[in-house]
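In: Provided below are the primary sequence and the corresponding predicted coordinates.
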Amino acid sequence: MTKNILILGATRGLGASLRTLYSAETATHVFATSRSSNPEPSPGVTWLTGIDISQPDVGQKLVSQLPTTKISTAIVSAGYFGFETFESPDWNKQVQMYTTSAIGPVFVVHHLVKAGLLDQGSKVILISSESGSITLRHEKEGGGNYGHHASKAALNMVGKLLSLDLKPMGIAVGLVHPGFMRTEMTKGVGFDKYWDAGGAVTPDEAAKTLASFIEGFDISKTGEYWAPAGPRDIGTAEPVLGTNLPTPLQLPW
């Protein structure tokens, strides 16, 4: 039986690595979204084009391009990081971050469920970040990046609420911090200077760890917030949570 994986935001970074990883598996088919109209063809992948999670019609456009087949796992990996400081907050960046992280996923999941594409046994994985944990925020890393961090905290609440709505249907919802990665996104906000000291991994490495975690994720963990790679790249984990932390690590809200 074919396992169908849906990846939103599959053209770069973690989403691209997940697309490559899953499409190489036997009896797995990947439905991958792209904002462009002509992504490069890839074996084992059906591209869904013109899909922008920051737009109000994202759910309708997504469902209109999908066949009437069950999605085993839907992974929302689309993201946007606009760098900010207290001295230079940016209204438009913040709106885009909240829309992308915490508003779009609600409409995506709603339309997938209402179309019957997610049902008993399906999994929804929302790519969050340890930066969305209020508990882990610590003077060690300071303030700033209001839109990014707060939109991830909002996503965590969205995931929790979705898990409550979808649990009676047997659909599991997970929030994950995939790890600090060496991507164009982190480089674009100047975080490449922290890659080595912060233990940043490649998107391919993060994808393997995440896929392994997803394989074991089920309804018993629905609504929970996890770091599949553990505390290794979370600079505030030990100051806040203590030493000898496990991997995977369940994160505090």
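Out: Ah, there it is.

In: so Ala153 sits right up against Leu136, yeah?
Out: No: assessed by C-beta atoms under 8 Å, Ala153 is found out of contact with Leu136, at 10.6 Å. Yep, even glycine has a C-beta here, placed from its N, CA and C like the rest.

In: what's the neighbour count on His138?
Out: Counted with other C-beta atoms under 10 Å, the neighbours of His138 add up to 12.

In: for it, what are its contacts?
Out: Thr236, Pro239, Val240 (C-beta atoms under 8 Å, 6 or more residues apart in numbering).

In: what pLDDT does the second one get?
Out: Spelled out, that is Pro239. Looking at Pro239, its pLDDT is 93.

In: before we move on, which element is it in?
Out: Per DSSP states H and E: Pro239 is located in helix 237-241.

In: Any buried residues in the helix or strand hosting His148, and which?
Out: If you go by DSSP H and E, His148 is part of helix 146-166. Neighbour-count burial for helix 146-166, counted by 16 or more other C-beta atoms under 10 Å, picks out 146-156, 158-160, 162-163, 166.

In: can you give me the strands in the protein?
Out: For the chain, the strands defined by DSSP state E occupy 3-8, 28-34, 45-49, 73-76, 123-127, 172-176, 225-227, 249-250.

In: So for Pro105, which of these sits nearest?
Out: Closest of the strands of the chain to Pro105 is strand 73-76, at 5.0 Å (criterion: C-beta to C-beta).

In: Dump the C-alpha coordinates for that closest one into PDB.
Out: Output of strand 73-76 as PDB, limited to C-alpha atoms (Å, rounded to 0.1, in the frame of the first residue of the first chain):
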ATOM      1  CA  THR A  73       1.500  12.500   6.900                       C
ATOM      2  CA  ALA A  74       1.100  16.200   6.200                       C
ATOM      3  CA  ILE A  75       4.200  18.200   7.100                       C
ATOM      4  CA  VAL A  76       4.000  22.000   7.200                       C
END
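
In: That strand pairs with which strands, and in what direction?
Out: Note on strand 73-76: by DSSP bridges, its sheet partners are strand 3-8 (parallel), strand 123-127 (parallel).

In: how about the strands of the chain in JSON lines, adding distance to Asp204, mean neighbour count and mean pLDDT?
Out: JSON lines is the format used below for those (distance: least, C-beta to C-beta, whole Å; neighbours: other C-beta atoms under 10 Å; pLDDT from 0 to 100):
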{"stretch": "strand 3-8", "distance to Asp204": "14", "mean neighbour count": "24", "mean pLDDT": "98"}
{"stretch": "strand 28-34", "distance to Asp204": "16", "mean neighbour count": "23", "mean pLDDT": "97"}
{"stretch": "strand 45-49", "distance to Asp204": "16", "mean neighbour count": "18", "mean pLDDT": "97"}
{"stretch": "strand 73-76", "distance to Asp204": "15", "mean neighbour count": "26", "mean pLDDT": "98"}
{"stretch": "strand 123-127", "distance to Asp204": "15", "mean neighbour count": "25", "mean pLDDT": "98"}
{"stretch": "strand 172-176", "distance to Asp204": "17", "mean neighbour count": "26", "mean pLDDT": "98"}
{"stretch": "strand 225-227", "distance to Asp204": "18", "mean neighbour count": "24", "mean pLDDT": "98"}
{"stretch": "strand 249-250", "distance to Asp204": "21", "mean neighbour count": "16", "mean pLDDT": "98"}
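
In: Tabulate the ones you listed (TSV), appending distance to Met97.
Out: What follows is the strands of the chain, written out as TSV (distance: least, C-beta to C-beta, whole Å):
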stretch	distance to Met97
strand 3-8	16
strand 28-34	19
strand 45-49	23
strand 73-76	14
strand 123-127	14
strand 172-176	16
strand 225-227	19
strand 249-250	25
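
In: Asp90 is nearest to which of the ones you listed?
Out: strand 123-127 (22.3 Å).
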